[in-house]
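J.: just need the structure, nothing else, for what follows:
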Amino acid sequence: AYYCLAEMSGGTRWQDMPFFGTNPTRNSRSAIAAPAMPPHKQNSIQGQMSINVKSQVNAMSMAPSRTNIVVAGSEVLKLIQLGQYGADLSEGTLLRVGRKGGQTLNTTDVDYNWANENEIITAALNGHVVIWDLERSSDQKLSKDIAAHARAANCVRYHPTEPTTFFSGAQDSTVRKWDSRRTAAPTFVLNAHEKVRHVSCAPMNDHLVAVALETGQIQLWDVRVTTGCVYKFQAHGCPIITAAWHPTIADRLATGGRDKTIRIWDIHAGPGGRREQLACTVQTIAAVARVRWRPGHDHHISSCAQVHDFNTQVWDLRRPHFPLLTFEGHRNCVTDMIWDDSGNASLYTSSKDGFFRRHAVEEAWRPEEDILRRSTGVAWSWSGDMIHFGRVDPLEPPAVEDPNGFTTATFKYSRQSVLQRLSPDCNDADVHMAALAKAYIFRSTQASVAEVCEHNAGAADAVGAAEAAHTWRIISAMWGSRKSSRRNARNSHRRSPSSDRSNLKPDRLGGAAAAMPDLELAAEIDGLIGGGFGLDDSFEMLPSVPSDTRSTATTITLRDDVTSERHPIVTSESEGEDDDLVGTPAVGATNAPTTAILRLQVDDPPEWDLSPMIAEVLLFYGEHCDVQMCVTLMLVLGEAACGEIPISRQLEWFYAYLELLERMKLWNTRAMVIKLAYIAEITELSTDSTTISIGCGVCNKTRNPPGWLCQNCSGGSSMSCSICHLPVKTLFVWCQGCSHGGHIDHMKEWFATNRECPTGCGHHCEFE
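T.: As a prediction, the model looks like this:
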């Protein structure tokens with residue numbers, strides 16, 4: 001009666017009445033909370049205990065007295081009794097008797113009424129919300145069955161200060177506010193325009209509700225305003241599965257999505273409206289299923305995964321790169337977790353394996369200690385710096401010169417670990433990698449391969465990479481010689497159509513004739529001899545050379561003053577001894593000047609195969625970790641020239657170089673490498689992450705499929721400019737917060753003098 005009179009008077013909130021004591025909100029629970037665990041008992045719980053509930057558990061909720069936990073799943077809804085201080089586990093009341101009830105009892109979420117020990121609510125797969133009364137004496141504890149949504153309900157949450165008010169979110173894109181005393185119709189409906197995956201009520205703001213959507217967007221609703229959300233922002237690029245407000249830090253929200261990340265947002269309210277700021281990002285190994293803040297530790301948050309990972313991880317936001325604590329024991333993915341009051345004694349988890357477990361915090365695995373005890377971390381930057389992490393004496397000496405040519409700097413990272421940076425003092429080619437990446441060219445329609453190599457050689461010279469420049473010039477010369485060999489061979493065929501050929505083998509010149517790039521060559525005989533081409537006695541000079549024969553032969557003219565220093569050339573007495581050589585007999589003394597003409601008839605030389613040499617060059621630079629040279633050579637010379645290198649090795653070089661370009665933020669060069677690559681695995685990278693979600697400024701929904709017309713609007717509204725109101729058919733720029741935009745020139749002109757959206761929606765757009 002006291003409660004009803006106070007509500008009718010309207011002058012006092014029920015929380016402020018002396019009957020209830022000191023404002024028992026959801027977090028304090030001072031009205032019916034169990035006595036706090038003594039400090040000497042907080043770390044006394046040891047060992048892992050479990051109960052097999054024989055069915056998959058989807059969600060859990062703890063009673064305000066901290067003595068019971070309700071577990072809910074597709075085929076189970078029962079209480080687990082914790083005992084005093086949570087030191088014991090036993091099965092309690094079974095709320096769901098039998099398997100009747102259909103999808104109404106297929107529970108997806110559950111929540112305990114923080115002010116009423118005997119009331120819980122559940123969300124069902126068919127969109128119903130069920131209120132359970134534990135005070136009923138009969139086996140059937142179901143009190144009310146509410147057909148809340150047209151599609152599956154994903155989440156239910158009690159209001160943090162009003163125990164008779166709760167919210168439900170579902171796949172029908174709505175969040176509904178209900179009064180448990182009057183369930184015929186919702187108090188009001190919030191239209192989120194997208195599928196709702198999670199609802200979280202701010203514990204330090206009675207009117208603020210965060211709604212996580214399947215599009216990766218977070219919407220903030222004021223329950224006093226039903227016309228639309230007060231603020232929204234894109235938190236993830238994929239569906240958000242879970243969200244949780246911080247229990248003690250105002251306006252701090254944690255979100256987890258399918259992109260395998262946990263993101264911490266600080267949402268500040270100022271004179272210009274609300275602004276979100278990404279405070280921290282935690283990278284996990286799988287999609288995040290649930291996040292819970294650890295009581296008593298402002299920077300600790302726990303998470304579990306939807307797939308792959310069967311453990312519960314606890315992260316320290318000040319060092320988010322690896323877990324602070326890991327709780328093991330389940331044989332399938334963990335679905336939910338609940339901390340004890342202190343956050344130092346126990347963690348309760350449920351899993352798809354059908355087990356409910358209590359973990360002792362003291363016995364959790366601490367990856368940090370193993371990392372510091374067993375291993376260290378080393379990473380190299382593209383500029384040659386090395387970062388070393390390890391467990392050493394945490395001193396902070398100033399930077400010193402290392403005798404090996406490195407500058408060493410030590411930074412204190414924690415009480416037992418340090419981070420060291422080693423910077424090379426030498427001016428190595430790696431330092432100029434960014435300059436070479438910008439200067440190198442891979443292919444040109446105006447230049448040949450040899451000319452491209454010459455250009456790259458000049459670029460290497462400009463940064464002092466002499467070895468790389470020398471390599472480019474050698475490849476340019478040999479590639480040009482191969483082309484010249486092809487051209488001269490074709491010209492020789494046109495000049496000498498006769499089929500009259502001699503039978504001189506290439507090995508008569510020591511095997512070098514097959515490697516001569518030009519068939520018509522004037523050379524000095526001592527140069528030939530010095531190069532390893534000797535003339536033995538079988539090269540005889542014949543007395544006469546018919547003019548018609550010389551016209552169809554390949555000739556080599558030898559200088560007269562050279563032959564005098566060599567042995568005399570003897571004229572053959574028999575014309576049948578050697579028909580391969582035709583010459584002129586010596587005149588006068590042996591050392592007199594003589595002119596000799598050798599007529600050599602040689603078959604067309606084979607085309608040069610540069611693949612073995614290119615393979616050796618690529619392997620050389622690959623062993624020296626110069627992936628830039630390897631990739632550039634492969635792109636310039638093409639797939640045929642690199643055929644002797646395994647594709648797996650080429651992929652390693654491509655991936656390594658693309659990662660370096662990404663670190664250096666050379667996006668254009670990286671895109672060009674992907675475009676010109678001849679390996680399918682590399683070219684397919686250009687099709688990854690190419691979808692941009694575009695919002696409609698009229699209906700606030702995502703355009704699906706993306707295009708100029710919105711299929712969600714009844715009239716099919718087009719992307720029109722917010723200033724001139726004409727359709728934008730060229731470059732369109734829009735705000736991701738309010739989805740309004742227009743011609744880029746108009747938006748530049750507007751935001752040069754204004755901050756708010758030109759449509760008058762009140763959103764403060766950020767235009768850069």
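J.: how about low-confidence regions in the stretch 151-300 of the chain?
T.: Counting by pLDDT under 70, the low-confidence segments of the stretch 151-300 of the chain come to 271-272.
J.: now do the strands in it.
T.: 153-158, 165-170, 174-179, 188-191, 196-201, 208-213, 217-222, 231-234, 240-245, 252-257, 261-270, 273-283, 288-293, 300-305 (DSSP state E, counting those that start in this stretch).
J.: next, the angle from the second one to strand 196-201.
T.: Angular relation of strand 165-170 and strand 196-201 on a 0 to 180 degree scale: 160 degrees, by axes from the mean of the first three to the mean of the last three CA atoms, to 10 degrees.
J.: relative to residue 140, how far out is residue 281?
T.: With distances taken as CB to CB, to the nearest Å, residue 281 is found 47 Å from residue 140. (Each C-beta comes from the backbone N, C-alpha and C, glycine too.)
J.: what residues are up against residue 313?
T.: Neighbour list for residue 313: 284, 302, 303, 304, 323, 325, 326, 327 [criterion: CB atoms under 8 Å, 6 or more residues apart in numbering].
J.: tell me the spacing between the fifth one and residue 364.
T.: Using CB to CB, one gets 9 Å for the distance from residue 323 to residue 364.
J.: what of the last one?
T.: Applying CB to CB, one obtains 5 Å for the distance of residue 327 from residue 364.
J.: cool, the second one as well?
T.: Taken as CB to CB, the spacing of residue 302 relative to residue 364 amounts to 11 Å.
J.: what do those two both touch?
T.: Counting by CB under 8 Å, 6+ apart, the residues touching both residue 302 and residue 364 are 314, 347.
J.: so between the two, which is more surrounded?
T.: Looking at residue 302 and residue 364 with other CB atoms under 10 Å, you find the greater number of neighbours at residue 302, namely 26 against 18.
J.: does the more buried one have beta-bridge partners, and which?
T.: Beta-bridge partners recorded for residue 302 (DSSP bridges): residue 292, residue 314.
J.: and it, what does it touch?
T.: By CB under 8 Å, 6+ apart, the contact list for residue 302 reads 291, 292, 293, 294, 312, 313, 314, 315, 337, 339, 347.
J.: does the first one touch residue 256 like I think?
T.: Yes: in this structure residue 291 lies within contact range of residue 256 using CB atoms under 8 Å: 4.9 Å.
J.: in which helix or strand would I find residue 479?
T.: Here residue 479 sits within helix 466-495, counting by DSSP states H and E.
J.: before we move on, back to that, with the contacts of residue 313 in mind, which one is nearest to residue 120?
T.: Residue 120 lies nearest to residue 304 out of the contacts of residue 313, by CB to CB, at 21.7 Å.
J.: the closest one reaches residue 332, doesn't it?
T.: No: the pair residue 304 / residue 332 is not scored as a contact, 10.9 Å apart, by CB under 8 Å.
J.: which one's more surrounded, the two?
T.: A direct count of neighbours by other CB under 10 Å for residue 304 and residue 332 places residue 304 higher, at 28 against 13.
J.: hmm, back to that, got CSV for the contacts of residue 302, with distance to residue 112 too?
T.: Listed next are those as CSV, based on distance: CB to CB, whole Å:
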residue, distance to residue 112
291, 19
292, 15
293, 17
294, 19
312, 21
313, 25
314, 23
315, 26
337, 15
339, 15
347, 18
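J.: and which of the residues you listed is nearest to residue 659?
T.: Distance to residue 659, by CB to CB, is smallest for residue 315 among the contacts of residue 302, at 25.6 Å.
J.: burial check on that closest one, number of neighbours?
T.: Tallying neighbours of residue 315 according to other CB under 10 Å, which is how burial is gauged here, yields 26.
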